[in-house]
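Undergrad: Any chance you could fold what I've pasted below:
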Amino acid sequence: MAFNILGISGSLRSTSSNTSLLHACAELVPSDVNFSLYAGLDKLPYFSPELDGEGAVAADTVADLRQQLQVADAVIFSTPEYAFGMPGVLKNALDWIVSSAELMNKPVAVISASPLATGGEKAHASLVQTLRVMSAVIDEKNMLIVPLVRTKMDAAGNITDLQLENSLKEILVRLAVRAASVSQR
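TA: Here you go, the predicted model:
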C-alpha cells in the first residue's frame, strides 16, 4: 500500500531553502511513499469566515488545500522565520483549515531552516503550537531545526550535509510508519 505525504513550505521565494528541503524529501522518500508539494499558498485569500463555505469567494483555492490535506496520509511542513514567527502566508493557510479538521489526528513533521544559528526556532515553536491546537500528531522525533542551512546546501538547493540528509530520511520513514499504523485502525 502506497502512502501519500504532502509537503508545505512556509516560503514563497523561488530559491527558498525550506522549499528546497521539501524537494529533497521528494527524492528521499521510501519507495512505497508518494510525495507531493503544495503549491497554492500564494493563491489563498486572507482568511475570513465570511469567505468560507459553499459558493464563497475562496471556495476553489481553499477547497484545493483541504482536498490535498484530506488525501495526504501525513504532512511535512518546512518554514523559515520572519519577525520571530512563522510567515503570515503559512499562518493564513492554517487559519483556513482550523475549523475543517484536515489535520486532526494526522501525522505531521515540522522543519524550520534558517541561515542564522538559531535555525528559526521561534517560527518552529509557533508552528508546532498551532498544529497541536489543531490536533495534528507531532512526534518529537519528527521535529527538526536546521541552523546555518546555507552551509548544508549548494547554490542549486541540493543537500550537501549527510547528517541533514539522514535526518530527513528518518523523518520520512517515521511519517510513513505512523501513517500506516493510522490507516490500519
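
Undergrad: What residues sit buried inside the longest helix along the chain?
TA: Secondary structure of the chain per DSSP state H: the longest helix is helix 162-183. Counting neighbours by 16 or more other C-beta atoms under 10 Å, one finds that the buried residues in helix 162-183 are 164-165, 167-168, 171-172, 174-176, 178-179. The C-beta positions use only the backbone N, C-alpha and C, and glycine is treated the same way.

Undergrad: can you redo these as a markdown table with pLDDT and distance to residue 108?
TA: Shown next, in a markdown table, are the buried residues of helix 162-183 (pLDDT from 0 to 100; distance: C-beta to C-beta, whole Å):
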| residue | pLDDT | distance to residue 108 |
| --- | --- | --- |
| 164 | 98 | 19 |
| 165 | 97 | 21 |
| 167 | 97 | 16 |
| 168 | 97 | 15 |
| 171 | 97 | 10 |
| 172 | 95 | 13 |
| 174 | 94 | 11 |
| 175 | 93 | 8 |
| 176 | 90 | 13 |
| 178 | 88 | 9 |
| 179 | 84 | 11 |
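
Undergrad: export the residues you listed to TSV and tack on distance to residue 102?
TA: TSV is the format used below for the buried residues of helix 162-183 (distance: C-beta to C-beta, whole Å):
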residue	distance to residue 102
164	29
165	29
167	26
168	23
171	20
172	20
174	20
175	16
176	19
178	16
179	14
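
Undergrad: and the longest helix of the chain, what does it pack onto?
TA: Packing contacts for helix 162-183, counted by 3 or more C-beta pairs under 8 Å, 6 or more residues apart in numbering; DSSP states H and E, involve strand 3-9, helix 17-28, strand 33-37, strand 74-79, strand 108-113, strand 143-146.
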